[in-house]
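> Please find the sequence and the predicted model below.
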Amino acid sequence: MLEIKNLQKSYGKGAPVLKDLNLTVRGEQVLSVIGSSGAGKSTLLRCINRLVEPTSGTITLNGTDFTTLTKKELRVERRRIGMIFQSFNLVDRLTVMENIQSGRLGYISTWAALTRRYPKEDIRKAYQLMERVGIAHYANKRADELSGGERQRVGVVRALMQRPEILLADEPTASLDPKTSEQIMALLRSLAEELDLPVIINIHNVTEAKEYSDRIVGMRYGKIIFDDLPDALDKEQMDEIYSGTPAEDRQTMGAAA
Ligand SMILES: Nc1ncnc2c1ncn2[C@@H]1O[C@H](COP(=O)(O)OP(=O)(O)OP(=O)(O)O)[C@@H](O)[C@H]1O
């Protein structure tokens, strides 16, 4: 279970971009986070694994409060959170297998990693996952020889190699064509179910969010203003989520205070 309580984030001395945010994610489910540009979706996702440092609040994953971990502890515990990126974040000159095995870095010795002597079990696991997502025949191909959809599948396998307890996907389909984008969303959805893995997706495409998610969270400038089943997201709710500007929201908050 992921439990986010009273999360606040301000960059430097700026106004808060996450405002006392609370969110609980239980069990297997795909949760999509939608909202205007600047609403704080990426910041929220990145606070969870502390790629961005929260200003205050707690983020607890299956009993571990990530906000209080030291840098050293975080290096170990972060493996429990898989992350998928819009730009895939692969090393172009490395093969698919090498990229995938980098998901095991921290589990195997630096020497084994440098000399590409991966444990047999890791190779078996990698092939099993690559077969599952349809890229096993590319194991020895360089990452930069793959299409966007194939690269994202490598990203997914790399994240799963960590044996994560939760998967975070930061706009995983934004660089893909519509058909490939749907395929990746469908893949994430079926993996969530097969592996009993909660997946949080930050996404702009509301149609896809509705089709492939079990739950939708709508953010407006640092706050969650919608949290429900996809079917409950109607035009009125959408207008609410996508209206306003950060400045207007600050004024409203000021008036309410
Ligand atoms: N590193 C940073 N330094 C300062 N401000 C930042 C930084 N990253 C994000 N912000 C600001 O925080 C706010 C939320 O940004 P964030 O990227 O989380 O929103 P988002 O909803 O993911 O937007 P988008 O959909 O465009 O990616 C924005 O006002 C943005 O300018």
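That came in fine, so what should we check first?
> Next up, the contacts around the closest residue to the ligand within the stretch 51-200 of the chain.
Ranking the residues of the stretch 51-200 of the chain by distance to the ligand (CB to the nearest ligand atom) places residue 171 first, at 6.7 Å. Yep, even glycine has a C-beta here, placed from its N, CA and C like the rest. Residue 171 sits next to 42, 86, 202, 203, 204 when contact means CB atoms under 8 Å, 6 or more residues apart in numbering.
> Which of those fall within strands?
Using DSSP state E, residue 202 are the members of the contacts of residue 171 that sit in strands.
> Of the contacts of residue 171, just say which sits nearest to the ligand.
Closest to the ligand, out of all of the contacts of residue 171 and judged by CB to the nearest ligand atom, is residue 42, at 3.3 Å.
> out of the contacts of residue 171, who has the most neighbours?
The most neighbours of any of those, using other CB atoms under 10 Å, belong to residue 202, which has 26 neighbours.
> Please name the spatially closest residue to it (chain neighbours excluded).
In this structure, residue 202 finds its nearest non-sequential neighbour in residue 41, 4.3 Å apart by CB to CB, 6 or more residues apart in numbering.
> ok, what's across the strand from the most centrally placed residue in the chain?
The chain has residue 168 as the residue nearest its centroid, 1.8 Å off, counting by CA atoms, centre = their mean. Beta-bridge pairing for residue 168 (DSSP bridges): residue 83, residue 200.
> Return the residues in contact with the residue nearest to residue 202.
Counting by CB under 8 Å, 6+ apart, residue 41 makes contact with 33, 34, 35, 202, 219.
> What about the ligand: which of those touch it?
Filtering those for proximity to the ligand by CB under 6 Å from any ligand atom leaves residue 35.
> Please enumerate the helices of the stretch 1-150 of the chain.
Using DSSP state H, counting those that start in this stretch, the helices of the stretch 1-150 of the chain run over residues 41-48, 71-77, 96-101, 110-114, 120-133, 148-161.
> Now tabulate the ones you listed in JSON lines and tack on distance to residue 64 and mean pLDDT.
Listed next are the helices of the stretch 1-150 of the chain as JSON lines, based on distance: least, CB to CB, whole Å; pLDDT from 0 to 100:
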{"stretch": "helix 41-48", "distance to residue 64": "12", "mean pLDDT": "97"}
{"stretch": "helix 71-77", "distance to residue 64": "6", "mean pLDDT": "92"}
{"stretch": "helix 96-101", "distance to residue 64": "25", "mean pLDDT": "92"}
{"stretch": "helix 110-114", "distance to residue 64": "25", "mean pLDDT": "60"}
{"stretch": "helix 120-133", "distance to residue 64": "24", "mean pLDDT": "94"}
{"stretch": "helix 148-161", "distance to residue 64": "19", "mean pLDDT": "95"}
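> To residue 197, which of these lies closest?
For residue 197, the closest of the helices of the stretch 1-150 of the chain is helix 148-161, at 8.2 Å, according to CB to CB.
> Can you tell me what sits against the closest one?
Under the contact criterion CB under 8 Å, 6+ apart, helix 148-161 has outside partners 82-85, 88-90, 96, 99-104, 122, 125-126, 129-130, 133-135, 138, 143, 146, 167, 172-173, 175-177, 180, 183-184, 187-188, 191, 195.
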